[in-house]
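Chemist: please find the sequence and the predicted model below.
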Amino acid sequence: MSLKELIPADKALDIVLSGVQPIGEEKLTLRRATNKTLSQDLISLRTQPPFDASAMDGYAVLQSDVTSLPATLNVIGESKAGTPFDEPVGKGEAVRIFTGAVIPRGADTIIIQENTNAGDGTVEILEGTAKGKFIRKAGLDFNEGETLLNAGDILTPYRLALAASMNHADVPCYSQAKVAMISTGDELVMPGQATAPGQIIASNTFGIAASIENCGADVLDLGIAGDTRDALRVKIFEAITSNADVIVTTGGASVGDHDLVLPVAQEIGFEFEIAKIAMRPGKPFLFGRFQHKGKTVYLTGLAGNPVSSLVAFNVFVKPLIQKLSGQSAEALQRVPAVLSCDLPENDERAEYMRATLTVSKDGKRVASPFTKQDSSMLANLVRADCLVYRAVKADAAKAGDACEVVLIS
Ligand code: AMP
Ligand code: MG
C-alpha cells in the first residue's frame with residue numbers, strides 16, 4: 001500500500017489494530033488497581049456472609065416462643081459483629097443481637113429492637129417476626145469458589161469492593177501502555193508564557209495528554225521538538241529508550257517542507273503503513289511500527305491542528321492504547337439523530353462535523369452543525385455536543401433527514 005494513498009478510516013483502524021496484543025500482566029494492590037483491567041478471572045476465596053448473620057439490631061429468639069404475644073424471655077447473652085455468642089439459645093430464652101452478628105445456635109427468628117421492651121435480664125416481645133426474616137443466610141451474597149469477576153473487566157469502584165470482599169489483596173491486571181508524547185513545531189510555546197510574533201500556545205499537548213490518561217495509560221510528556229531533524233530524532237530516541245509502547249507526535253505529519261515526523265522516523269527504522277486518512281478533520285495521520293528489544297513500538301503521528309489531532313486520537317490511538325492495555329478497543333459509537341439543516345453532498349473524505357444537539361418535541365436528537373468547521377477551532381469543539389458523521393460520498397441531505405452522531409459532551 002502506498003503512503004500516498006488516502007486510506008478509509010475503518011480500514012486504517014483495522015491496520016492499526018492488526019496483531020496488537022496486550023503488553024503484559026502484573027499484580028496490583030487493590031488501591032492501585034482503580035480502572036485497570038483484570039487479566040484473569042477472579043474466584044472468591046471465601047463465602048459471604050461466612051455465617052448466618054443478623055440484618056437488624058434486636059433479639060435472637062425461637063419462633064415457638066413468640067407465637068402468642070406479649071411474651072417475656074430471659075436474655076442470656078449478647079452477639080455483636082465480630083464477637084459471637086457461643087452458647088445455644090433454648091426455650092424461653094433470647095440473645096441480644098446486633099447487625100452483622102452471628103445468629104446463635106437454636107435461634108431462628110430476629111425480633112427487631114423497636115418491637116420490644118428491655119427489662120432487667122429479660123425482654124418483653126411485643127410484636128413477632130416471620131421465621132428467617134432479618135437473617136442473612138451464609139452465602140447469601142456469594143460462595144467460595146464462585147467466579148465473580150472476569151478477565152477483561154475494568155476495575156470500577158463496585159468491582160474493587162467485590163474483589164476485596166472475595167479476600168483478594170491484590171489482583172492480576174493487564175499492564176498499562178506507556179505512551180510518550182512529542183509536540184512538534186518551532187512556533188509552539190507552553191501555556192503561561194509570553195508569545196513572540198508568530199508563536200502560538202501548544203494546546204494539543206494538554207488535550208492529548210489528558211486523553212491518554214483517560215485511557216488509563218501512563219503519559220511520558222517529552223515536550224516540544226523544534227522543526228529540525230535532529231531535534232525530532234533526539235525526542236524519538238528518548239521515547240524508545242524510555243520503553244514507550246506508543247509514541248504520539250502532534251504536528252509535522254503532513255507533506256510540507258517542515259513536516260519531518262515521517263522521514264525522521266523512517267530513518268530510525270519505523271515502517272509506516274498509513275500516512276493519510278480519508279477523513280476530515282484528521283487527514284494527516286501517520287502509523288508506523290518499530291521493533292526494539294523484542295517488542296513493537298508504535299508511532300502514531302497526529303496532525304498539528306487541535307481538532308484534527310483530538311478526533312484522530314479518538315478514532316485510532318485510543319483503540320490502540322486500549323488493546324495494548326488489555327481493554328476491548330472501542331470504535332467511536334454513532335447514534336441516530338436528525339439534521340436541523342441541509343448539507344451538501346460529501347466528497348471522498350468521511351467527515352466528523354462539530355454540532356450542537358437539541359431534543360425535538362417527539363424526542364429525537366436534532367443536530368445543528370456549525371457553519372465553520374475549520375480544524376484549528378478549539379472553542380467550537382468545546383461548544384459542540386456531538387460530531388455529525390458523514391460517510392464518504394454521502395448524498396446531499398435535507399433538514400429533517402436522519403444522520404448519525406458521535407456524542408462528545
Ligand atoms: P502542522 O501539522 O505541524 O503543520 O501544524 C498545523 C497547525 O497546527 C499549525 O497552525 C500549527 O501551529 C498548529 N499546531 C501544531 N502543533 C500544535 C499544538 N501542540 N497545539 C496547538 N496547535 C498546534
Ligand atoms: Mg508544524
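Modeler: Done, it's in. Numbering: from 1, shown residues only. Ligands and ions are numbered 1, 2, ... in the order given.

Chemist: okay, CA-based contacts and neighbour counts for the rest of this
Modeler: OK.

Chemist: from what I can see Val311 touches Met279, true?
Modeler: No - checked against Cα atoms under 8 Å, the pair Val311 and Met279 is beyond contact range at 9.9 Å.

Chemist: neighbour-wise, which of those two wins?
Modeler: Met279 (25 against 22; other Cα atoms under 10 Å).

Chemist: flag every residue of the protein that's near ligand 1.
Modeler: Contact residues (Cα under 6 Å from any ligand atom) of the chain with ligand 1: 183-185, 201-205, 250-253, 303-306.

Chemist: the helices in this protein, which residues?
Modeler: 9-17, 157-165, 204-214, 229-241, 261-268, 306-312, 318-324, 378-383 (DSSP state H).

Chemist: indicate which one of these is closest to Tyr174.
Modeler: Tyr174 lies closest to helix 318-324 among the helices of the chain, at 8.7 Å (Cα to Cα).

Chemist: okay, that closest one in PDB with CA atoms only?
Modeler: Output of helix 318-324 as PDB, limited to C-alpha atoms (Å, rounded to 0.1, in the frame of the first residue of the first chain):
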ATOM      1  CA  LYS A 318      -7.400   5.300  21.800                       C
ATOM      2  CA  PRO A 319      -8.400   1.900  20.500                       C
ATOM      3  CA  LEU A 320      -4.700   1.000  20.000                       C
ATOM      4  CA  ILE A 321      -3.900   2.000  23.600                       C
ATOM      5  CA  GLN A 322      -6.900   0.100  24.900                       C
ATOM      6  CA  LYS A 323      -5.900  -3.100  23.000                       C
ATOM      7  CA  LEU A 324      -2.300  -2.800  24.300                       C
END
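
Chemist: by contact count, what packs against it?
Modeler: Applying 3 or more Cα pairs under 8 Å, 6 or more residues apart in numbering; DSSP states H and E, one finds that helix 318-324 contacts helix 9-17.

Chemist: let me know the average pLDDT across the helix it packs on.
Modeler: The average pLDDT for helix 9-17 rounds to 96.

Chemist: residues of it that come out buried?
Modeler: In terms of neighbour count (16 or more other Cα atoms under 10 Å), helix 9-17 has its buried residues at 9, 12-13, 16-17.

Chemist: who touches it?
Modeler: 273-274, 277-279, 287, 315-316, 319-320, 323, 350 (Cα atoms under 8 Å, 6 or more residues apart in numbering).

Chemist: which ones among those residues lie within strands?
Modeler: 273-274, 277, 279, 287, 350 (DSSP state E).

Chemist: hmm, back to that, in CSV, list the helices of the chain along with distance to Gln176.
Modeler: Below are those laid out as CSV (distance: least, Cα to Cα, whole Å):
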stretch, distance to Gln176
helix 9-17, 16
helix 157-165, 18
helix 204-214, 10
helix 229-241, 16
helix 261-268, 24
helix 306-312, 21
helix 318-324, 7
helix 378-383, 28
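
Chemist: care to break this structure down by domain?
Modeler: As given by automatic domain parsing, the domain ranges for the chain are 6-24+175-324, 25-44+152-173, 53-136, 334-407.

Chemist: Asn143 is nearest to which of those domains?
Modeler: domain 25-44+152-173 (7.0 Å).

Chemist: Ala329 is in contact with Asn314, correct?
Modeler: No - Asn314 lies out of contact with Ala329 (Cα under 8 Å); the separation is 10.8 Å.

Chemist: can you list the residues of the stretch 101-250 of the chain near ligand 2?
Modeler: Gly185 (Cα under 5 Å from the ion).

Chemist: any stretches of the stretch 101-250 of the chain with poor pLDDT?
Modeler: For the stretch 101-250 of the chain, no stretch has pLDDT under 70.

Chemist: try 90
Modeler: 216 (pLDDT under 90).

Chemist: pick out the residue of it closest to ligand 2.
Modeler: Gly185 (4.3 Å; Cα to the ion).

Chemist: contacting residues around that residue?
Modeler: Contacts of Gly185 (Cα under 8 Å, 6+ apart): 224-227, 251-252.

Chemist: by neighbours, which of those residues wins?
Modeler: Gly251 (25 neighbours).

Chemist: so that residue touches His258, yeah?
Modeler: No - the pair Gly251 / His258 is not scored as a contact, 9.7 Å apart, by Cα under 8 Å.

Chemist: strands - which of the contacts of Gly185 land there?
Modeler: Per DSSP E, those map to strands at 224-225.

Chemist: okay if I get the ones in strands among the contacts of helix 9-17 as TSV plus distance to Ile240?
Modeler: Formatted as TSV, the ones in strands among the contacts of helix 9-17 follow (distance: Cα to Cα, whole Å):
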residue	distance to Ile240
Glu273	19
Ile274	20
Ile277	26
Met279	29
Phe287	16
Ala350	33
